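Novice: A structural model of the following input is requested.
(2 chains)
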Amino acid sequence: MNIAVCVCQVPDTASVIGYVDGAIDRSRVNEVMNPYDEYALEEAVLVKERFEGSIVTVFSLVPDSAKEVLRKALTMGADRVVRVSCSEEVSDPFQTAQMLSRAISSFYPTGLPDLVFCGKQSTDFQSAQVPSMLAEILGMASVSGITSLRASGDFFRVEREVEGGIEYIDVTCPALLSAEKGLNEPRNTSIRAVMEARKKSIDILELNLHDEPYVVMTGLQPIERKKTCCIVPDEHELVRILSHECNLF
Amino acid sequence: MNKFLVFLEQREGIVKQASINAWNRVQELAVLQANSVVTGILAGPADTRQLDGRMAGYGVLYHAGDKRLRLYHQEYYTRFVEDIFNRERCSALYFADTALSRDLAPRLSVRLQASLLSGCTTADADRAGVSRPVYSGSSLAFFVPERQPRIYILSSCAPKSSDPVEGHINVIDVVPQCFTAEDIFPVVRQIVMREGPPDVAEARIIVAGGRGMGGAEGFTLLEQLALLLGGAVGASRAAVDEGWRPHADQIGQTGKTVAPALYFACGISGAVQHLAGIGSAGIVVAINSDPHAPIFNVADYALIGDVHIVLPKLLDSLQEFLKKQ
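Specialist: Residues are numbered from 1 along each chain as shown, chains lettered A, B, ... in the order given. Reported below is the predicted structural model:
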């Protein structure tokens, strides 16, 4: 099977995002592999292990400085990595999806890969749009936010959480699947995996950005959260306030 | 004329409250823009009579009651929405924030060549710009669409009241042209719903617990409280990571964004990622032994104390109160 995985880099969520002169300061922030992409990559490697002869290729639209993230992808079990280098910075999910689709299409000239894995969303902007957009552009079926994947005959059977329940879905290849937290537990990497990773290649694919963004971010500011909190003396009083003053029950 | 199309989602023939809330919000937006009309679209068999008195304003609802649309079907739903959107020459498409809309809207964005603004906490009708929390809830970002038409996924909002609203929806049955002879995948084989309390994403009252609950057993108190109030139990990331509650209960940036009328935060310190998930909650009550916990910055009321001592007393007070009703 040919398996593609899209991986991006995000600020470590444990880092505090600072502001300098009203603009965001990413200089002291640690950049790491998007956690949802770890689930995606781990699942791709699990599928590869199930289907002998499979090849996992990671496509990553990241700057040149992102070497650690790319090495990590190889250490986790990707067979090769393609860093997509764009002529300008992409600014919205649509542009990102277009760049990834061109990279993937050019890499598999005889057709689409059997499976494409993405993380459900990136933890920085959390739009959760790239995976479905990418699938639509490539002309593939997609299922977003999967929590389980099983091969069953001609199908892949996946599960995804919906409000109050679980959807059981069948999909055939080619398909794009985006990973939700809990799909798997990304493996710890061993020294051996690190050594193996050194032998694998990181290719660079240079593409010009043709497409205009569909959405533009015009501002960013820290969120101020301040409510006036009323400290209630006891539980009786709280029940009284919530029922009589707030009419909640 | 501006035509706004609102996608209504049904589950087992019942239109979701989140969709009705979205419709009502779009009606409010339409009032602010001259010459605007709101139209609805609904796929799958559903009882539309229960919409009277809950959907505000006047408008047409295109309903394709075909059984083949009972469960979500990505390609059929995409085509059906695209057909009606284009036929009616709509300028904007609105969704409630659900798993379905997050799957469907990006595909429609590409197919309709429409700007997609998702997770909007505010939709400014004049500028058409929206805002939503980013960077794990620490920041608020502003976005404007570059293209016509536009698609919006509106964040959950607590409904203003449960009083009946003024309006009449004219339901028009349509025969969808979206089907093909061969199967198109993905195909949803079935949905299995969880028994019992409402899902956190849809609950009017949420009782949530964090690390301060001390373990899975601590959540029994929260379950009792939720049961008394007819609410759902939620959890912070810490409680989920510890394995005390399933991921489906998680509230926050990597969990669900919720908009209940009443939110109890028990033993939850209030990390920014969690606060981002409850930004649209109505009344927030924090129960925590640490008076400096950041949760108090977003709480309306607080009980300072150990949850294991406070909660049993709260349960007693509540039971007493409910008996008198």
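
Novice: For the rest of this, base every contact and every neighbour count on C-alpha atoms.
Specialist: Fine.

Novice: for B:P176, what are its contacts?
Specialist: B:A64, B:D66, B:F80 (CA atoms under 8 Å, 6 or more residues apart in numbering or on different chains).

Novice: go again using 7 Å as the cut-off
Specialist: Listed by CA atoms under 7 Å, 6 or more residues apart in numbering or on different chains, the contact set of B:P176 reads B:A64, B:F80.

Novice: do the same with B:K3
Specialist: B:K3 neighbours (CA under 7 Å, 6+ apart): B:S36, B:V37, B:V38, B:C90, B:S91, B:A92.

Novice: 8 Å instead?
Specialist: B:S36, B:V37, B:V38, B:T39, B:E88, B:R89, B:C90, B:S91, B:A92.

Novice: Could you report the separation of the fourth one from B:L93?
Specialist: Separation of B:T39 from B:L93 (CA to CA, to the nearest Å): 10 Å.

Novice: Can you pull the domain assignment for chain B?
Specialist: Domain assignment for chain B by automatic domain parsing gives B:2-173, B:200-324.

Novice: Now do the end-to-end distance for the longest one.
Specialist: Across its full length, domain B:2-173 reaches 23 Å end to end, with CA to CA as the criterion.

Novice: Contact partners for the most centrally placed residue in chain A?
Specialist: Nearest to the geometric centre of chain A sits A:G119, at 2.6 Å (CA atoms, centre = their mean). Neighbouring residues of A:G119 by CA under 8 Å, 6+ apart: A:6-7, A:34-40, A:131, A:178-180.

Novice: what are the ranges of the helices in chain A?
Specialist: With helices called from DSSP state H, chain A shows them at A:35-50, A:67-75, A:93-107, A:130-138, A:191-198, A:235-240.

Novice: next one: the stretch 151-300 of chain B
Specialist: Under the criterion DSSP state H, counting those that start in this stretch, helices of the stretch 151-300 of chain B are mapped to B:219-229, B:237-241, B:272-277.

Novice: Looking at those, which is nearest to chain A?
Specialist: The closest of the helices of the stretch 151-300 of chain B to chain A is helix B:219-229. By CA to the nearest CA, the value is 7.5 Å.

Novice: can you list contacts of the closest one?
Specialist: A:249, B:197, B:205-209, B:213, B:232-233, B:311-312, B:315, B:318-319.

Novice: Just name the most buried of the helices of chain A.
Specialist: helix A:130-138 (a mean of 25; mean count of other CA atoms under 10 Å in any protein chain shown).

Novice: Tell me if that one is near chain B.
Specialist: Yes. Using CA under 8 Å from any CA of the partner chain, helix A:130-138 reaches chain B at A:V130, A:S132, A:M133, A:A135, A:E136, A:I137.

Novice: Next, find the distance separating A:D92 from A:F125.
Specialist: 10 Å.

Novice: sorry, back to before: looking at B:T39 and B:L93, which is more packed in?
Specialist: B:L93 (27 against 23; other CA atoms under 10 Å in any protein chain shown).

Novice: picking that back up, min pLDDT across the contacts of helix B:219-229, which one?
Specialist: Across those, the bottom pLDDT score, 80, is held by B:P197.

Novice: quick one, what contacts A:V90?
Specialist: A:T96, A:L209.

Novice: Show me the shaky parts of the stretch 201-325 of chain B.
Specialist: The stretch 201-325 of chain B contains no residues with pLDDT under 70.

Novice: Up against chain A, what does it have?
Specialist: Residues of the stretch 201-325 of chain B lying near chain A (CA under 8 Å from any CA): B:201-202, B:229, B:247-248, B:254, B:261-262, B:296-304, B:310, B:313-314, B:317-318, B:321.

Novice: and with 6 Å instead?
Specialist: Neighbours of chain A within the stretch 201-325 of chain B, by CA under 6 Å from any CA of the partner chain: B:N297, B:V298, B:A299, B:D300, B:Y301, B:A302, B:L303, B:L314, B:S317.

Novice: so the third one sits right up against A:C229, yeah?
Specialist: Yes. With contacts counted by CA atoms under 6 Å, B:A299 reaches A:C229, the gap being 5.5 Å.

Novice: What lies in contact with the longest strand along chain A?
Specialist: Longest strand in chain A, counting residues (DSSP state E): strand A:141-152. For strand A:141-152, contacts defined as CA atoms under 6 Å, 6 or more residues apart in numbering or on different chains pick out A:120, A:156-160, A:175-180, A:183, B:103.

Novice: And the contacts of B:K3, which is closest to A:E224?
Specialist: Distance to A:E224 across the contacts of B:K3 (CA to CA) is lowest for B:A92, with 30.8 Å.
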